[in-house]
Structure formats: structure tokens, C-alpha cells
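[1] Build the 3D model from these lines:
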Amino acid sequence: MKIDINCDVGEGVTNERLLFPYISSCNIACGGHFGDENTIDETIKLALKHNVLIGAHPSFPDKENFGRKIINIAAEGLQKSIQDQLDLFLERLANFNVKLHHIKPHGALYNLIAVDEIAAENFIKTIKNYMEEVYLYVPYNSVIAKVALKHNINIKYEVFLDRNYNDDYTLVSRNTENAIKTDAKEIINQLYKIISEEKIKVISGNEKLIKADTFCIHGDHTNSLEILKYLTKEFTKKGIDF
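    Have a look, this model is predicted:
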């Protein structure tokens, strides 16, 4: 079995050179919540060195809050910002003669379009011209997944292995103590359950149906490297490749 492990990168975390050997796709910040030409280029180089698929990671234009808050911005302003971020990213990719593999929105933008149909429609309108032979990473059973499929956008369902979920498939707020998973054994048990049963245990204790094409470990997680090393070790035992 082969699975995809993705990681949000190009966000100023100093351990990225250590993370890349343990992932298969990456989402590179492209100037909204973090990043500029230099950080994008350096991260692209790391991805190419380790044969990692490259995705763009656009967000609300909000470096102050690292893109983790919904900001008051007109739809036209957000559309222009996202397109500027993607244009910059594609320009940098062209310098390396590399194609974009996927787009994964970041933080508050990701969470908003997962539940808000108007925001999801505006996002798809914004990125539609960039999506030829490009995937959109989306949460399972989300509004953005349904809207993307309606517009014939290629999607991949994503599950965050290091985050807890609510019954409605939304992520538990980072403002609560139990938002983040830190135990590597718990994380890999969750992964195996998703792979073998297509089920996930949510914060209430209930089990929910879920589908996943890609699994995320956050690059800025406290012990992301240790988790990825442990996953890789266990993958080898189970005959899983990534």
C-alpha cells in the first residue's frame, strides 16, 4: 500500500530539512500568512531534492495572525490576494521547470470554506483557472469538497493526523487543550483505523465514516519530526510506502 503524507512548510520552521525525508507531498506558504521569493525558492529546492510533490498553500493575507483568524476583507480583495499568491508561486516554480501538483488553503481560510458555501464558491471562482491537472486538498464531507466537485475540480480528501475532530468533521479549536495530538502511537493507530475501516474516532468518542487520500502532519507541531520518524518505522513493518 502507498499513502501520501503531506506537511505545511515554508513557514519559517527551522526543522524543515529534517522533515522532508519523511513526507511525500508538501504545501508551501506563498506570501499570505508567511513567505516570500526566498523562502519559496529554498523550500522548492528541498522538495526537489527529496522527490516530494509540490503544492501551494495560500491563505488570508494576514502575517500578523499567521493566517489563523478570519479577517474582515472584501471578497474582491481576498480574491486578488489569493491570485497574487498563486501567481508568485507559479512564477517561482517556473524557474525550476516544475509543475504545481496541488493547492491546499491554509488555516482560517481552510476552515472557513469547509463550512461556508458562499466562501467556498468564491474560493473556487478564484482558483479555477489554476486547476488544470492540479488537485485541491479538502476535508472529507466538507462544503468546499462538494462545491469543488460541482465545478469539476480534482480533489484529494485530507485528514490531519495530529489534530482532533468534532462530530461534524470540523477541527477542534486550537484554543482548547485537546486540539492537538502529540502521542505518536495514538496518531498511527488513528491512521490504521482510517486506512482499514474508513473510520475516525472524534473528540466525543464517536466513530465517524471518513475517506482520506492524503494525511497531514503539521511542520510546526511540537514533535513533528519524532512523529514522522515513528510513522516511517511502523510503515516499514506494515509494508506501507509513501
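[2] only C-alpha atoms for contact and neighbour calcs from this point on.
    Will do.
[3] Would you mind identifying the next helix or strand past the longest strand along the chain?
    Longest strand in the chain by number of residues (criterion: DSSP state E): strand 154-160. Remark: after strand 154-160, the chain's next helix or strand is helix 184-197, criterion DSSP states H and E.
[4] for that next one, which positions count as buried?
    Judged by neighbour count (16 or more other Cα atoms under 10 Å), helix 184-197 contains these buried residues: 184, 187, 188, 190, 191, 194, 195.
[5] ok, so what distance separates the nearest residue in space to the third one that is not next to it in sequence from residue 182?
    Counting by Cα to Cα, 6 or more residues apart in numbering, the nearest residue to residue 188 once its immediate chain neighbours are dropped is residue 231, at 6.5 Å. Taking Cα to Cα, to the nearest Å as the measure, residue 231 and residue 182 are separated by 13 Å.
[6] Strands of this structure, start to end?
    All strands of the chain, identified by DSSP E, fall at 5-9, 25-29, 53-57, 102-103, 135-139, 154-160, 199-201, 207-209, 214-216.
[7] among those strands, which is nearest residue 119?
    Closest to residue 119 of the strands of the chain is strand 135-139 (Cα to Cα; 13.9 Å).
[8] got the angle for the closest one vs strand 25-29?
    Angle of strand 135-139 versus strand 25-29, following axes from the mean of the first three to the mean of the last three Cα atoms, to 10 degrees, is 90 degrees.
[9] so the longest strand of the chain versus helix 184-197, what angle?
    Using the same axes, to 10 degrees: strand 154-160 against helix 184-197 is 140 degrees.
[10] pLDDT on strand 154-160, on average?
    Strand 154-160 carries an average pLDDT of 98.
[11] Which elements pack onto it?
    strand 135-139, helix 143-150, strand 214-216 (3 or more Cα pairs under 8 Å, 6 or more residues apart in numbering; DSSP states H and E).
[12] Mind doing that once more with 6 Å?
    strand 135-139, strand 214-216 (3 or more Cα pairs under 6 Å, 6 or more residues apart in numbering; DSSP states H and E).
[13] can you count the residues close to the nearest residue to residue 120 once chain neighbours are set aside?
    In space, and not counting its chain neighbours, residue 120 is closest to residue 113: 4.5 Å by Cα to Cα, 6+ apart. Residues within reach of residue 113, counting by other Cα atoms under 10 Å, total 24.
[14] ok, now residue 213?
    16.
[15] Can you check what angle separates the longest helix seen in the chain from strand 25-29?
    Ranked by residue count under DSSP state H, the longest helix found in the chain is helix 75-95. Here helix 75-95 points in a direction 120 degrees away from that of strand 25-29 (the same axes, to 10 degrees).
[16] Please put the alpha-carbon coordinates of helix 75-95 into PDB.
    Output of helix 75-95 as PDB, limited to C-alpha atoms (Å, rounded to 0.1, in the frame of the first residue of the first chain):
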ATOM      1  CA  ALA A  75     -14.400  39.200  -1.400                       C
ATOM      2  CA  GLU A  76     -12.600  41.100  -4.300                       C
ATOM      3  CA  GLY A  77      -9.700  41.900  -2.100                       C
ATOM      4  CA  LEU A  78      -9.300  38.300  -0.900                       C
ATOM      5  CA  GLN A  79      -9.600  37.000  -4.500                       C
ATOM      6  CA  LYS A  80      -6.800  39.300  -5.600                       C
ATOM      7  CA  SER A  81      -4.600  38.300  -2.700                       C
ATOM      8  CA  ILE A  82      -5.000  34.600  -3.300                       C
ATOM      9  CA  GLN A  83      -4.400  35.000  -7.100                       C
ATOM     10  CA  ASP A  84      -1.300  37.200  -6.300                       C
ATOM     11  CA  GLN A  85       0.000  34.400  -4.000                       C
ATOM     12  CA  LEU A  86      -0.600  31.700  -6.600                       C
ATOM     13  CA  ASP A  87       0.900  33.800  -9.400                       C
ATOM     14  CA  LEU A  88       4.100  34.400  -7.300                       C
ATOM     15  CA  PHE A  89       4.200  30.700  -6.500                       C
ATOM     16  CA  LEU A  90       3.800  29.600 -10.200                       C
ATOM     17  CA  GLU A  91       6.500  32.100 -11.200                       C
ATOM     18  CA  ARG A  92       8.900  30.600  -8.700                       C
ATOM     19  CA  LEU A  93       8.000  27.000  -9.900                       C
ATOM     20  CA  ALA A  94       8.700  28.000 -13.500                       C
ATOM     21  CA  ASN A  95      12.200  29.000 -12.600                       C
END
